[in-house]
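Peer 1: got a structure for you, letters missing:
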Ligand code: NAD
């Protein structure tokens with residue numbers, strides 16, 4: 001079923017409706033053919049799997065998982081696997097479509113996909129997570145593959161999860177197939193620089209946005225919501241490069257210190273000592289997680305989950321630059337408010353595209369069986385992000401639209417051109 005594209009306020013937190021609304025606006029501005037619109041707006045394949053897993057106490061539990069392949073027009077579909085209690089099919093649909101547009105914005109030869117399992121990974125043991133991951137992979141094995149659909153980590157999954165996906169797929173095929181998944185440990189064909197890639201991409205976009213607005217980097221105040229892969233890497237790299245990180249948050253709450261936080265020490269506290277972020281000594285003021293995004297600063301980086309900036313709170317954003325590390329952190333209804341405040345937005349499909357870009361490099365390296373130096377990965381990542389940022393800003397100026405709609409227009413135009421060249425197989 002194709003969902004309607006006019007989200008009401010009640011539907012504000014449905015990410016699929018947010019994604020569809022932006023798609024419709026961009027497609028209309030591009031004057032896209034109605035038939036092409038129908039094809040590009042709809043996911044190509046949607047799978048639901050019910051996964052039986054034996055828990056550590058001997059009980060059997062059934063978990064529901066999804067894999068949505070939105071598009072394979074420009075190449076194999078690509079996209080993460082999310083483990084979270086509130087995963088829905090609409091969310092996975094939206095995330096899959098965003099992957100298509102993201103890969104097209106940075107011009108890498110992938111389509112878009114996403115997967116998710118409704119579960120709470122923080123309440124599951126390592127053994128339970130391994131059995132869940134392996135059975136999910138086995139159920140989907142026919143649809144995955146280096147030339148078909150290539151997963152990666154997302155919220156609640158990590159390098160270890162990807163190692164299990166790779167091993168399960170390889171066992172089914174009877175041959176080592178490292179390129180079936182990205183975000184793997186380096187020992188198993190992962191790429192140098194992948195762990196930092198999304199955060200590095202966020203930083204590159206912030207550097208470019210500052211240059212565009214004529215703001216100095218030294219002492220530039222930054223708040224970041226999300227201290228997982230994306231948020232912690234962005235915080236660490238930006239702290240080391242001279243930004244002043246004044247706010248950090250994860251699911252447990254936020255820390256705010258206008259004098260600046262020592263991110264290296266916070267990293268050690270959270271990742272080495274395994275202590276809660278909010279308990280960091282001399283961290284400053286504690287507050288609820290989303291509140292960190294509404295503090296006075298030059299740059300706000302949502303890097304946790306969807307729907308953090310909504311019609312209700314968008315007017316409270318005080319940043320000059322909103323750089324989206326998370327997917328879908330700003331709802332469709334909040335866009336106009338953010339625009340009216342003159343905030344320079346780096347939309348998710350550009351801001352967090354560093355991750356999929358280095359995933360692409362990982363896939364290339366796996367297929368070549370030849371691995372690059374970290375400096376080479378970072379240099380190539382910079383070139384891709386630098387170019388994509390400039391293209392989006394150029395499109396925004398040319399079509400007199402905001403950066404988000406410009407990014408969608410650039411992406412949709414690329415995918416539509418490829419679809420027209422391929423034609424519709426009948
Ligand atoms: P992660 O699981 O490593 O970290 C998620 C962070 O968000 C954690 O700090 C967690 O505490 C916090 N969080 C989770 N639920 C929250 C809630 N309800 N309220 C506040 N904070 C919450 O995940 P990640 O890989 O860093 O992904 C974060 C975002 O970035 C997601 O939107 C993801 O889709 C997007 N993204 C990730 C990558 C990547 O390479 N990992 C690439 C592109 C986009």
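Peer 2: Yes, it's here. Bear in mind that the values here come from a model prediction, so they are computed numbers and not experimental data.
Peer 1: And what about the closest residue to residue 385 other than its chain neighbours, helix, strand or coil?
Peer 2: If you skip the residues right next to it in sequence, residue 385 has residue 204 as its closest partner in space, 4.4 Å away by C-beta to C-beta, 6 or more residues apart in numbering. The way it works is simple: take the backbone N, C-alpha and C, and place the C-beta from them, glycine included. Residue 204 carries the three-state label helix when classified by DSSP: H, G, I helix; E, B strand; the rest coil.
Peer 1: quick one: contacts for residue 204?
Peer 2: When contacts are counted by C-beta atoms under 8 Å, 6 or more residues apart in numbering, residue 204 touches 354, 381-382, 385-386, 389.
Peer 1: helix/strand/coil for the residue nearest to residue 371 when sequence neighbours are not counted?
Peer 2: If you skip the residues right next to it in sequence, residue 371 has residue 365 as its closest partner in space, 5.1 Å away by C-beta to C-beta, 6+ apart. Secondary structure state of residue 365, per three-state DSSP, is helix.
Peer 1: All the helices of the stretch 51-200 of the chain, residue numbers only.
Peer 2: Read by DSSP state H, counting those that start in this stretch, the stretch 51-200 of the chain holds these helices, from start to end of the chain: 89-105, 126-140, 159-173, 194-213.
Peer 1: and the first one, what's its mean pLDDT?
Peer 2: In other words, helix 89-105. Along helix 89-105, the predicted local confidence has a mean pLDDT of 98.
Peer 1: and it, does that touch the ligand?
Peer 2: No - for helix 89-105, no contact with the ligand is found by C-beta under 6 Å from any ligand atom; the gap never falls below 6.6 Å.
Peer 1: tell me which residues in that helix are buried?
Peer 2: 89-105 (16 or more other C-beta atoms under 10 Å).
Peer 1: Distance to residue 319 for the helices of the stretch 51-200 of the chain - can I get that in CSV?
Peer 2: Below are the helices of the stretch 51-200 of the chain laid out as CSV (distance: least, C-beta to C-beta, whole Å):
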stretch, distance to residue 319
helix 89-105, 22
helix 126-140, 36
helix 159-173, 31
helix 194-213, 11
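Peer 1: so who does the residue in the stretch 151-300 of the chain that the ligand sits nearest to touch?
Peer 2: Relative to the ligand, the nearest point of the stretch 151-300 of the chain is residue 228 (1.7 Å; C-beta to the nearest ligand atom). In this structure, residue 228 makes contact with 155, 250, 303-304, judged by C-beta under 8 Å, 6+ apart.
Peer 1: rerun at 7 Å
Peer 2: With contacts defined as C-beta atoms under 7 Å, 6 or more residues apart in numbering, residue 228 has no neighbours.
Peer 1: for the one 4 residues further on, same thing?
Peer 2: Contact criterion C-beta under 7 Å, 6+ apart gives residue 267 as the residues in contact with residue 232.
Peer 1: repeat that with 10 Å
Peer 2: Residue 232 makes contacts with 195-196, 199, 224, 226, 248, 250, 263, 266-267, 270-271, 277, 303, as judged by C-beta atoms under 10 Å, 6 or more residues apart in numbering.
Peer 1: From residue 257, how far off is it?
Peer 2: Applying C-beta to C-beta, to the nearest Å, one obtains 17 Å for the distance of residue 232 from residue 257.
Peer 1: most packed of the helices of the stretch 51-200 of the chain?
Peer 2: helix 89-105 (a mean of 27; mean count of other C-beta atoms under 10 Å).
Peer 1: Please go through the protein and pick out the longest helix.
Peer 2: Of all segments of type helix in the chain, defined using DSSP state H, the longest is helix 374-399.
Peer 1: is any part of that one close to the ligand?
Peer 2: No - judged by C-beta under 6 Å from any ligand atom, helix 374-399 and the ligand are separated, with a smallest distance of 12.2 Å.
Peer 1: that older thread, quick one: which of the contacts of residue 232 is nearest residue 180?
Peer 2: For the contacts of residue 232, the minimum distance to residue 180 (C-beta to C-beta) is 19.1 Å, reached by residue 195.
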